[in-house]
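K.L.:
With the input below, show me the fold.
(4 chains)
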There are 4 protein chains.
Amino acid sequence: MLLKNLWNKSLKEECGVFGIYEHPEAAHLTYLGLYALQHRGQEGAGIVSSNGQKLFEHRGMGLVNDVFRESNLNLLQGNKSIGHVRYSTQGADPLKDIQPLVVHYPSGLLALAHNGNLTNAVALRRELEALGAIFQTTSDTEIILHLIAKSQKTTLPQKIADALSKVEGAYCLLFLTKDSLIAVRDSYGFRPLMIGELSGAAVVASESCAFDLIGATYGRDIQPGEMVVWKEGKVESSFPWVQHPPQQCVFEHIYFARPDSRIFGENVYEVRKALGRQLAFEHPIQADMVVPVPDSGVAAAIGFSEYSGIPFQMGIIRNHYVGRTFIEPEQAIRHFGVKIKLNPIRDVLKGKSVVMVDDSIVRGTTSQKIVQLLRQSGAREVHVRISAPPTIGPCFYGIDTPTQSELIASKKSTQDICQFIGADSLGYLSLEGLLQCVRKSNQYCTACFDGKYVLLPSDG
Amino acid sequence: MLLKNLWNKSLKEECGVFGIYEHPEAAHLTYLGLYALQHRGQEGAGIVSSNGQKLFEHRGMGLVNDVFRESNLNLLQGNKSIGHVRYSTQGADPLKDIQPLVVHYPSGLLALAHNGNLTNAVALRRELEALGAIFQTTSDTEIILHLIAKSQKTTLPQKIADALSKVEGAYCLLFLTKDSLIAVRDSYGFRPLMIGELSGAAVVASESCAFDLIGATYGRDIQPGEMVVWKEGKVESSFPWVQHPPQQCVFEHIYFARPDSRIFGENVYEVRKALGRQLAFEHPIQADMVVPVPDSGVAAAIGFSEYSGIPFQMGIIRNHYVGRTFIEPEQAIRHFGVKIKLNPIRDVLKGKSVVMVDDSIVRGTTSQKIVQLLRQSGAREVHVRISAPPTIGPCFYGIDTPTQSELIASKKSTQDICQFIGADSLGYLSLEGLLQCVRKSNQYCTACFDGKYVLLPSDG
Amino acid sequence: MLLKNLWNKSLKEECGVFGIYEHPEAAHLTYLGLYALQHRGQEGAGIVSSNGQKLFEHRGMGLVNDVFRESNLNLLQGNKSIGHVRYSTQGADPLKDIQPLVVHYPSGLLALAHNGNLTNAVALRRELEALGAIFQTTSDTEIILHLIAKSQKTTLPQKIADALSKVEGAYCLLFLTKDSLIAVRDSYGFRPLMIGELSGAAVVASESCAFDLIGATYGRDIQPGEMVVWKEGKVESSFPWVQHPPQQCVFEHIYFARPDSRIFGENVYEVRKALGRQLAFEHPIQADMVVPVPDSGVAAAIGFSEYSGIPFQMGIIRNHYVGRTFIEPEQAIRHFGVKIKLNPIRDVLKGKSVVMVDDSIVRGTTSQKIVQLLRQSGAREVHVRISAPPTIGPCFYGIDTPTQSELIASKKSTQDICQFIGADSLGYLSLEGLLQCVRKSNQYCTACFDGKYVLLPSDG
Amino acid sequence: MLLKNLWNKSLKEECGVFGIYEHPEAAHLTYLGLYALQHRGQEGAGIVSSNGQKLFEHRGMGLVNDVFRESNLNLLQGNKSIGHVRYSTQGADPLKDIQPLVVHYPSGLLALAHNGNLTNAVALRRELEALGAIFQTTSDTEIILHLIAKSQKTTLPQKIADALSKVEGAYCLLFLTKDSLIAVRDSYGFRPLMIGELSGAAVVASESCAFDLIGATYGRDIQPGEMVVWKEGKVESSFPWVQHPPQQCVFEHIYFARPDSRIFGENVYEVRKALGRQLAFEHPIQADMVVPVPDSGVAAAIGFSEYSGIPFQMGIIRNHYVGRTFIEPEQAIRHFGVKIKLNPIRDVLKGKSVVMVDDSIVRGTTSQKIVQLLRQSGAREVHVRISAPPTIGPCFYGIDTPTQSELIASKKSTQDICQFIGADSLGYLSLEGLLQCVRKSNQYCTACFDGKYVLLPSDG
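P.N.:
Model (predicted):
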């Protein structure tokens, strides 16, 4: 049997975007930028570039390194380009869903890379179809392009402003035409998007780790509700839409973003460490060692260790050669899916009381397996500490979550979950504790923890 | 250096289509049908099937045998399907141009496979873009889908009738929805399209050789201007458009179609043999042997031999292992591109006077090389006989021709062409002679021979 | 279900070899030579070249065009090289069997390409293993290399002479070292091997069609029992082994070789035409047309037509896009394996009496299916004429045949075979008739027709 | 430009082996075992299995996950198998070097997987070639097979004992025949090899992490100089060779082995932590944080932090999506090769004094780049601590090291190296300190640190 999607846990990021304006190695640097953003989407990647006259495009299924080779990268001419990595695809022909999307609209070719989810997509799609629009993908992205094409406004930025005024939901957008690059972040600012600079060229990316790899300097976050237009060597910023209190996704800090990234104004590793310290404060325990579930639990575990004084140990080793798929033995090996990735060190754990630090419990089955693996490796006690509150609701803003009923914390008490996963104790970080660890704590979306959704999906 | 497109001569067919309605092995038989139509397009292939609820699709670059494997073919569920082979692709992302195209339109998913060229495509595209339509491919096919989506009529057949009333040019179309198959042939009937029957299921194909391979029986040609709708187990025929005198492409008989096919009511091999006989009558010569340029010249050469009494010899052998591309030696070998495919037999040709029979001279360079190869192989005299009139104009109805100025017969007399290709004599079939060899000779388009174009491309 | 090996009939050639000495584009020209010899082996191909210091090698499964790309071809440095195409592989790891084989022996690297079969392979292998030799392939070729390595003689030609004195069977060999090229043809001369010249460089090939493609001139056949050594710019010929009356394979003329090749001193097409004429003389019949089973039956059918005066028709069309494998429909289509390749033209055959000309009947099942296809396409009478005598025994000299009991002619009379294949009449060419059509008719092996084997396989 | 071999540092392990005897899912479990041993070799992998009658084999270039698919894995029948992962290949045809090697020897087929390097390979090869042996690979492994084939002893274990008595160097060997599995570890025990048990089946592997993944239980190390034979359901151990004081490779503990493995009787993670503690004792420093070079420096950094009390921080993030190759931008980005893998966190490092812990300095250039990256990310001071003594000599026992002159510590003092890499201070662990961290410290090879080679390569 073939096991699939081994890289990610049940919560999956839905995309990363990167753009660059007026650099002689635009496509190459976009390739590198996407490479740094690979954790935000491993199913497909694409780049569209412009040499001022024409757009060039290449897309494919798989990792950035699989999709791009020197031969196809060299065909992506020009000094402007945008790129996209995506996690999941639907549709009958998955290749069609790989972004950036490129369409012919009255003023020429327009490419779009999109991170996020629209909440009124179904309604908009019905309206557009009633007007004779045809759709070639199942993605929300195509809706935005139709609205732009239908706008009666004059310039492209005006058309985009007009089109997005009809759209609700989460979106970071990068547009490329033959002569301009346009970046947009929705008025709630659900997903991160930021601007940097490299030898005079502007760069835009979902996370700052993309800047680091190419040697670019972080400039500033694109603000919620901001549109930035680079054209004819100039840059213009505007805020064409109704402003809202920001709803930045706190889960980017907890799990999705790379620890070496700076998002929403703060370094992710530092935030995670603070979560771990707060967690240790809220749920103290006596134990021999703090062991992270690697890699996402490492920073919180270090924080937990610092605050509690309990030694930090890399007591579980992650196999980094795990690909997307795996051939499972026919005779089931217990906990196989987890074992492929994680191996506890018996000599470290034997007879010890262990604090296992992870960032979330989704369905509970993975946590259960890891707890069992620790016990089989000799751990005497396993105390689970989660550096986030219980996940009780799905995300409608760009994260692929199970349905509510699959989320164990939507149905069970912490005590019941503790029993289900077989831990000796279980502690979740409180929502208040979580918000104390980030600056501007009133600017975050915490809907998956408290059910306070600022927008809900329409059925049309 | 990499030589490309070794399979085809300068005149290239632009597509083949196949469809089947209500057969349990629909996709599989479509695969076979496309396989039999491979000569009509070698650059890409695709199949879309329906199981009554959903459409399933697979497409890829290359030969039918490269694109389809048991694994992807088995995913194409259902008892209805359409398929397409295509010759050439444009666009930055060639995969996007591989048909059938599938779009979401208000009533659901709609797939379309298209053989032909629209002459008012540019104008229609501009109009549609002005109305806010976005295009994701460079193909004419997408225009038709937009027009259908915009139609205010009620049923799909009505919408198709409405949409196509705005369209001019050559088209054979196969539409597939979850519950119906619709076939359309344009009012001039430029390209062939016919209906057959297999165990109670309806089949549609560009040529009858596709029926032979799957054991289906030829029924009848779809008429110019006819739309046939299969739905809910019933079939309905209608003629919703203004009728015109047919303009069937005579070059299908001369070169494109497979000799074992029946098109426009006649067998291609028999027509070609008649052309060869007529050619011998019009341009008699004394020689030792008649040698065809294989494979397309074989039937005409047999006819020439029969009428003239000059023995037929397969004096040139074709290498059938030639793929699409070839690595040329750096030090040029004389006539290399031709040599890869064709090798004259010295022991047969030495000291002999040869009638070389081919179906056309496009730019003249290939004919020149073959004549030279024959002389190098010892032929004493080379008399070239062409089983068609001089090609003086391009085709706007679905054949990929060089521009007029590249067509040698548009600029040079037969005598000059004879000198250019280095032949001892050169004879073209007359237009009258050509038309005597087909039935209903008033129903053919001969624009590439006489410049009488019934439709000309609009610039919009 | 996947149908395999669609290209060849039940009798399969086992290899082709090509070599070139001192040409700046050695590997490139070897690639072309193999390309022209592709019909002699489609399962794998390889080239080894030398730049005077080192050997370079590339091998792969598939067609020449699949195995070699500009990138790997450019790595094959030097002005000397040998290449090989092979039909079938055995062994658990088929790649190991792709030739040329390269081994380190005391004097350096030695590459060998081999066409043929040894009859005392089993015995030799046992002897060598008893002496401590290890084998990494299942091929006879490795035996020859072991014998060379074990020889106590001084020079490589002497070692080769010594080694081959122990070997029995059919072999054409090309050896390459860093500074020499050596060609050997066994003393019976079962398989063809010939020398040509290109711009001062020596070329060696299994068939002359390889010379034609690269513009080389045919020089002479390597004689049975001859070894030719090119080294330090000089060439030396010797006959180091006991001489035998030649036993050249007459089936090369009947079926295997390309019709444009010259082998054993005669053009294959001309020989085949003579076979067809003789066949018409021996088995006259009244009929409407002579139809070849393409491609191998074409020349004989032309000869039959010439002698009998019955018109020649290409009444069966061969699909040349057939690859090595094919996905068969699950519901069997009658005669499917044959139909993929061959399609009779109903309009040509309907109501006609047909002489069907083929070169052999092996198991009888394919002939049976073709006869049935012709009748289904309307043929009134089908008279089968075979341009060779009945095949009653297997080949031990390099052709992959079924076992004797599978050969229909080893068990049934011509009358019974006629009934089995469903023909109205059946005529085989006589052995005497066959030999009248070739020069030096006493120099041919006809063991598969008369059972007179000059060598029989040893069991060791 | 394509960057290659991004996974490994300049010291590269040369192989890992895995075997299993009498388990119904032998090949599948070997696949998993190799998967767990992937860090020991990423260039190629292979498995040979036996069903009692025949051997089955599959090999390929790349990662275990690339080489094996369900289709080829299912062909590897039987309940016994051995597998191999390898790092580097030489030879013109790299596929030939992928192990296990399979040869025909007088008693049938014999497969061999080999981890290690022979020191008298050149001399043995010359001797064998003088006796007429031919070599098809450049590997030492083939020498062993020749010696076995030439042995006059009776049984395979006796032949192996005889053959290996002539061989000098480092080798862990797994042999597979149709009915037996044989494991050998050389008399010095340079490389690890151990036995486990799974549901009654015996398993053998280079490291215990391979047992963990499949749920097998660690049994014991195979002893230096021990041969273990599993045949006919029985197991026999013997010590057929002259015994030596063990020379186990201490670098396996320092860098190569997985931290979750148990080798030479101890857990690697625990040894590394002890090295870090000892390092902190030997080279104390005042600093704000201890930062490992991930992943190999993590355990030592935790130990350093524990002993010194300086907080541990994951201040450098490793990108685990790095493949084997990478397309470098044309305009060099500073320190690019390192940046692809490692990104320091500016917000963590800014203004801080940092202890950077790594396991070795080979050429010095990588360490130099990491130090510079840390400084560019704001580190105020960078104190480098190496959890091993200076590497002054190459390894002749199975590790691919640069030549002596490329090893920076062979030419420069610690002070000069400190200056070269740009650190504020540099401390290497002492040899004595290193040996205090392992049990049975007199059983280790430390030749690369002290130049005391127990065996030197012969030139033959």
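K.L.:
Flag the shaky bits of chain A, pLDDT-wise.
P.N.:
Across chain A, residues meeting the criterion (pLDDT under 70) sit at A:1-13, A:88-93, A:324, A:331-332, A:334-335, A:459-460.
K.L.:
List phi and psi for A:Cys448.
P.N.:
With angles defined as degrees, to the nearest 10, A:Cys448 sits at phi -70, psi -20.
K.L.:
Run through the residues that contact it.
P.N.:
Neighbour list for A:Cys448: A:Phe251, A:Thr391, A:Ile392, A:Gly393, A:Pro394, A:Cys395, A:Thr401 [criterion: CB atoms under 8 Å, 6 or more residues apart in numbering or on different chains]. From N, CA and C alone the C-beta is placed, and that goes for glycine too.
K.L.:
wait, doesn't A:Thr137 sit right on A:Gln99?
P.N.:
No - if you go by CB atoms under 8 Å, A:Thr137 and A:Gln99 don't touch, sitting 9.2 Å apart.
K.L.:
Now do the helices in the stretch 201-350 of chain A.
P.N.:
Assigned by DSSP state H, counting those that start in this stretch, the helices in the stretch 201-350 of chain A fall at A:209-214, A:250-251, A:268-282, A:298-308, A:336-341, A:346-349.
K.L.:
So which of the ones you listed is nearest chain D?
P.N.:
Of all those, the one in closest proximity to chain D, counting by CB to the nearest CB, is helix A:346-349 (3.4 Å).
K.L.:
Show residues contacting the closest one.
P.N.:
A:289, A:291, A:313, A:315, A:374, A:377-379, D:212, D:262, D:266-267, D:269-270.
K.L.:
Which SSE is immediately downstream of that helix?
P.N.:
Next along the chain after helix A:346-349, taking DSSP states H and E as the criterion, comes strand A:353-358.
K.L.:
got the angle for that following strand vs helix A:268-282?
P.N.:
Here strand A:353-358 runs at an angle of 140 degrees relative to helix A:268-282 (axes from the mean of the first three to the mean of the last three CA atoms, to 10 degrees).
K.L.:
Please name the strands paired to strand A:353-358 in the sheet, noting orientation.
P.N.:
Note on strand A:353-358: by DSSP bridges, its sheet partners are strand A:289-292 (parallel), strand A:381-386 (parallel).
K.L.:
Dump those to a markdown table, plus mean neighbour count.
P.N.:
Output for those, formatted as a markdown table (neighbours: other CB atoms under 10 Å in any protein chain shown):
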| stretch | mean neighbour count |
| --- | --- |
| strand A:289-292 | 27 |
| strand A:381-386 | 24 |
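K.L.:
Out of these, the one nearest D:Gly451 is which?
P.N.:
The minimum distance between D:Gly451 and those falls on strand A:289-292, with 39.3 Å, by CB to CB.
K.L.:
Which of A:Thr137 and A:Gln99 has more residues huddled nearby?
P.N.:
Residue environment comparison for A:Thr137 versus A:Gln99 gives the larger neighbour count to A:Gln99, 28 against 22, counting by other CB atoms under 10 Å in any protein chain shown.
K.L.:
Between the strands paired with strand A:353-358, which one is closest to A:Ser237.
P.N.:
Among the strands paired with strand A:353-358, the nearest to A:Ser237 by CB to CB is strand A:381-386 (39.2 Å).
K.L.:
Next secondary structure element downstream of the closest one?
P.N.:
Heading C-terminal from strand A:381-386, the first helix or strand you meet, by DSSP H and E, is strand A:399-400.
K.L.:
on contacts alone, who are the packing partners of that following strand?
P.N.:
Under the contact definition 3 or more CB pairs under 8 Å, 6 or more residues apart in numbering or on different chains; DSSP states H and E, strand A:399-400 sits against strand A:12-13.
K.L.:
Could you tell me which strands the very next helix or strand once past the strand it packs on is paired with, and in which direction each runs?
P.N.:
Following strand A:12-13 in sequence order, the next helix or strand is strand A:15-21 (DSSP H and E). Each strand paired with strand A:15-21, and its direction, by DSSP bridges: strand A:80-86 (antiparallel), strand A:201-205 (antiparallel).
K.L.:
The ones you listed into a markdown table, with extra columns for mean neighbour count?
P.N.:
What follows is those, written out as a markdown table (neighbours: other CB under 10 Å):
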| stretch | mean neighbour count |
| --- | --- |
| strand A:80-86 | 31 |
| strand A:201-205 | 25 |
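K.L.:
any chance of these in a markdown table, with distance to A:His104 too?
P.N.:
As requested, the strands paired with strand A:15-21 are exported to a markdown table (distance: least, CB to CB, whole Å):
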| stretch | distance to A:His104 |
| --- | --- |
| strand A:80-86 | 17 |
| strand A:201-205 | 24 |
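K.L.:
Checking the closest residue to chain C within the stretch 1-150 of chain A next. Helix, strand or coil?
P.N.:
For the stretch 1-150 of chain A, the nearest residue to chain C under the criterion CB to the nearest CB is A:Ser71, separated by 10.2 Å. When classified by DSSP: H, G, I helix; E, B strand; the rest coil, A:Ser71 comes out as helix.
K.L.:
Closest to chain D out of the contacts of A:Cys448?
P.N.:
Using CB to the nearest CB, the shortest approach to chain D within these belongs to A:Phe251, at 18.8 Å.
K.L.:
can you tell me which residues contact the closest one?
P.N.:
A:Leu11, A:Ala388, A:Cys395, A:Ile399, A:Cys448.
K.L.:
Scan those and report the most crowded one.
P.N.:
A:Cys448 (29 neighbours).
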